[in-house]
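> What would the 3D arrangement of this be:
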Amino acid sequence: MRSCSDPLKLQFQLDRTLDEDFPVEEVMVHLKGFSPSRGAWRRYENVDEYYYSGALGWHYTKSATTFRVFAPTADLVVLCLYREPVGTVGRQAFPMRRIPQGVWKIVVHGDLQGLYYTYLAEGVNKRLFPGVEVIDPYSRCNTAHNGRGLIFGEDHTEVADRPCIPPEHTIIYEVHLRDFTIDECSGVPEKLRGKYLGLAQQGTQLPEHWVRSRIVSSAGRAALFLRDRATPDAFEEDVCPSTVEEDVYTAPVLTEVAAQVDWTDRSTCLDHVRFLGVNALQIMPVQDFDNDESNPLEYRWGYMPVHFFSPDGWYASCTSDASRVRELKQLIDTLHRAGLKVILDMVLNHTAEDPNEFNLEARFSFNGLAPRYYYRFWPDGSWGVSEACYANGSGCGNEFRSESPMGRKFILDMLWYWATEYKVDGFRFDLMGLMDRETLRIAAAKLHALDPNILVYGEPWSAGETPIIITGKGAQRHLGFGVFNDTFRNALRGSNQGIEENFLLDGGCIEAVKQGILGSIDDFAASPLEVINYVECHDNRTLWDHLWYVIRERADANITYTAADVLRVCKLAAVILLTSQGIPFLHSGQEMARSKFGVENSYQSGDDINRLRWERKIDFYGLVVYVRGLVQLRRARPDIFSMSDAQQVRRCIAFYEALGLPVPERCLAYRIIADAGQSETNAIEDDPWRCVALLFNPTPVAQVFPLPPEAKDELMTVIVNDLEAPRDAGASLGEYHIGWASVPGRSAMVLRLCTESERERALIETRLNAISEPYSSTTDLPGLYSSYATPGGSKTSSPAPVAE
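Reported below is the predicted structural model:
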């Protein structure tokens with residue numbers, strides 16, 4: 001017989017499942033020799049044995065609202081209702097009842113629409129602090145990250161259906177809502193700048209009078225007026241960065257701009273996105289984060305999240321009502337109607353809750369209801385301490401325990417909510433390496449069952465040591481989600497802090513660049529659709545700043561870079577990125593050589609550093625239209641530049657070395673043949689796209705490349721060169737080659753076979769050139785010639801080199 005200090009525990013095996021509303025506490029257990037005992041739902045010592053499959057949060061009807069919250073170690077949970085977003089006037093407290101699996105529930109009768117609520121959890125658990133109210137983790141609209149949840153009832157804001165854009169056709173463009181619209185030249189009404197509805201504005205333009213004031217014609221050049229910083233005379237074109245100092249981060253004199261600009265396009269913001277031609281916006285975090293929503297000057301990127309179901313009020317017109325919900329839906333509706341996918345950047349690897357559990361001002365929801373449940377810990381002694389401590393692979397104080405049963409449920413519920421209620425088209429995960437592989441697999445499968453075109457991808461790394469196996473590059477194979485390709489990025493322009501050899505500046509890392517061009521299918525990816533290719537993003541320096549950083553840190557007196565040189569390198573990077581297999585990713589402003597004045601990590605740097613300066617669209621308009629042409633080319637020929645299958649990539653793409661063709665030192669060349677299904681022999685004979693050549697020359701001088709053997713003796717025409725990528729995707733630039741082509745330094749060339757009409761045009765031009773230049777040596781090699789555009793726009797001929 002057991003002593004009183006060791007009470008008897010009885011377990012009943014029932015032959016039916018009890019509903020969660022079954023009044024188990026009204027069941028009395030009577031045993032002879034013992035005091036009567038009330039029934040209770042089972043409690044587990046191991047909190048991971050709890051799993052509740054039902055809906056959490058609030059469910060509203062006009063007659064009653066039901067609340068459910070997971071608080072497994074609490075002995076008391078109270079629902080607190082308020083009529084105002086702040087203050088305690090009219091506060092009502094409703095004790096909740098425990099139901100199975102660690103969940104607490106209450107039904108409050110009456111119409112609660114417009115009321116605010118919090119939870120209060122208490123108990124013997126010493127980490128539950130009496131009197132501390134927190135927001136429901138499932139709250140769909142908050143007044144602030146440390147405020148209250150709002151019961152907004154039913155929201156009928158219309159959101160247009162997702163545009164049907166498969167992953168292989170997607171071109172991602174990353175924006176920060178405030179950065180993209182806050183500039184005074186954005187054309188967005190002042191009260192909407194930096195807001196959800198600011199990005200939804202259409203018809204925004206740079207002021208025409210202001211555009212004219214930016215243009216200075218002098219010997220065919222366009223010069224920058226640095227607003228509030230300097231005069232036009234402050235910059236020269238041919239200068240070494242060591243003498244320019246910080247001015248290299250601004251737009252210098254660009255020879256090519258004035259000659260190419262069509263100044264009829266002054267579009268900004270959403271209209272600029274449509275002009276550029278990208279079809280997916282990745283929006284930096286909009287879920288409730290740790291900012292002061294009432295202070296428009298308290299700048300944040302949003303990577304310290306607090307509540308994941310509620311949009312952040314910093315971007316809304318009002319913070320105390322459901323404006324944030326309605327206005328974000330209005331934005332997504334506008335973007336969908338514009339043919340754009342909407343991808344939300346989500347931070348699920350950590351939260352802003354303080355690992356110092358006694359800092360009650362940073363106890364927002366998770367630790368206030370289920371202390372330590374949602375976070376990873378190092379076991380006792382792992383870090384030289386006597387008790388378990390918070391893991392910090394995020395570098396932000398904690399790690400979200402995605403592998404926990406209710407942590408995984410939270411993530412899946414939250415993603416489903418955004419995909420169905422807001423009709424979001426994709427999710428980008430920050431520090432995805434800290435999310436367990438199984439949760440990602442389940443999430444991708446569930447989302448793809450809803451819509452196979454929903455994108456799921458993220459950063460395959462962590463920011464520090466972690467107790468789990470990192471979901472790194474390769475872990476995504478065949479599981480339905482993708483990863484950022486930092487290997488390709490580093491090979492192209494170098495690592496974030498390094499000045500090591502790279503392809504764009506040195507012609508190095510060629511094998512790694514080749515892997516990236518193929519979509520990394522012979523490296524870590526099972527499909528090119530598992531790879532996100534990029535050369536810059538919000539993190540670290542922009543490409544323009546990074547190139548100048550590397551040049552300056554190397555301080556090589558034997559190599560002088562002008563601003564025009566760096567601009568050419570930016571164009572070369574754009575060609576490689578937008579013609580490689582995989583899903584391309586552009587950072588907003590990359591197409592206009594965006595600069596943050598060399599600031600590497602600008603997450604708190606404010607508008608002066610982070611805002612997109614729309615004047616750069618004028619100063620770098622040549623680069624803008626160049627990137628636009630590349631985007632149009634990729635979208636026009638997805639069969640060439642956006643293959644979805646690894647075997648197709650292997651069938652259709654070959655580097656020159658594999659074809660037995662010579663390649664100039666430190667250069668790269670390959671060809672793509674059209675895939676008619678099973679083999680190249682089925683290609684349509686008259687298709688000018690049945691053979692495409694891509695020639696990359698990062699050296700400072702012109703290099704001669706042979707053309708692919710599949711072209712045989714056929715004429716090829718240039719569709720991308722160092723100056724142009726035409727608006728009519730794939731249209732000839734009027735430059736023709738046979739057998740070989742000379743590619744100017746620090747540039748790329750893309751060629752395809754000529755159409756019949758292009759061949760006739762080239763023949764006529766060649767004959768006219770022969771008449772105007774009777775002493776041309778072209779006749780020494782009949783049929784082999786290279787007709788190219790001279791600076792004046794006329795055509796000339798030169799003999800092909802004879803291979804030894």
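
> mind listing the helices for the stretch 51-200 of the chain?
177-181, 196-199 (DSSP state H, counting those that start in this stretch).

> hmm, I was thinking of the stretch 651-800 of the chain
With DSSP H, counting those that start in this stretch, the ranges of helices along the stretch 651-800 of the chain come out as 656-659, 756-772.

> Mind giving me the packing neighbours of the last one?
Packed against helix 756-772 by the contact rule (3 or more C-beta pairs under 8 Å, 6 or more residues apart in numbering; DSSP states H and E) you find strand 736-737, strand 785-789, strand 795-799. In this view, the C-beta of every residue, glycine as well, is placed from N, C-alpha and C.

> Now with 7 Å, please.
Of the remaining helices and strands, those touching helix 756-772 by 3 or more C-beta pairs under 7 Å, 6 or more residues apart in numbering; DSSP states H and E are strand 785-789, strand 795-799.

> ok so, going back, want to throw the helices of the stretch 51-200 of the chain into JSON lines with mean pLDDT and mean neighbour count?
Listed next are the helices of the stretch 51-200 of the chain as JSON lines, based on pLDDT from 0 to 100; neighbours: other C-beta atoms under 10 Å:
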{"stretch": "helix 177-181", "mean pLDDT": "98", "mean neighbour count": "26"}
{"stretch": "helix 196-199", "mean pLDDT": "99", "mean neighbour count": "26"}
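
> Would you format these as a markdown table with distance to Arg767 included?
Listed next are the helices of the stretch 51-200 of the chain as a markdown table, based on distance: least, C-beta to C-beta, whole Å:
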| stretch | distance to Arg767 |
| --- | --- |
| helix 177-181 | 52 |
| helix 196-199 | 54 |
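
> between these, which one is nearest to Glu553?
Judged by C-beta to C-beta, the one of these that comes nearest to Glu553 is helix 177-181, at 26.5 Å.

> Convert the closest one to PDB, retaining C-alpha atoms only.
Extracted C-alpha coordinates of helix 177-181, given in PDB (Å, rounded to 0.1, in the frame of the first residue of the first chain):
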ATOM      1  CA  LEU A 177       8.200  48.600 -48.200                       C
ATOM      2  CA  ARG A 178       9.700  51.700 -46.700                       C
ATOM      3  CA  ASP A 179      12.900  51.900 -48.600                       C
ATOM      4  CA  PHE A 180      11.100  51.500 -51.900                       C
ATOM      5  CA  THR A 181       8.600  54.300 -51.500                       C
END
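
> Let me have the helices of the stretch 651-800 of the chain in JSON lines, extended by distance to Tyr626 and mean pLDDT.
As requested, the helices of the stretch 651-800 of the chain are arranged in JSON lines below (distance: least, C-beta to C-beta, whole Å; pLDDT from 0 to 100):
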{"stretch": "helix 656-659", "distance to Tyr626": "25", "mean pLDDT": "98"}
{"stretch": "helix 756-772", "distance to Tyr626": "22", "mean pLDDT": "84"}
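
> need the ones you listed in a markdown table with mean neighbour count, can you?
Output for the helices of the stretch 651-800 of the chain, formatted as a markdown table (neighbours: other C-beta atoms under 10 Å):
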| stretch | mean neighbour count |
| --- | --- |
| helix 656-659 | 15 |
| helix 756-772 | 14 |
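
> Looking at these, which is nearest to Arg489?
helix 656-659 (23.3 Å).

> Now do the strands in the stretch 501-650 of the chain.
Taking DSSP state E, counting those that start in this stretch as the criterion, the stretch 501-650 of the chain carries its strands at 531-533, 583-587.

> Residues in contact with the first one: which ones?
If you take C-beta atoms under 7 Å, 6 or more residues apart in numbering as the criterion, strand 531-533 is touched by 457, 482-485, 488, 516, 519-520, 525, 577, 580, 582-585.

> who does it pair up with?
Sheet neighbours of strand 531-533, with direction, are listed as strand 482-484 (parallel), strand 583-587 (parallel) (DSSP bridges).
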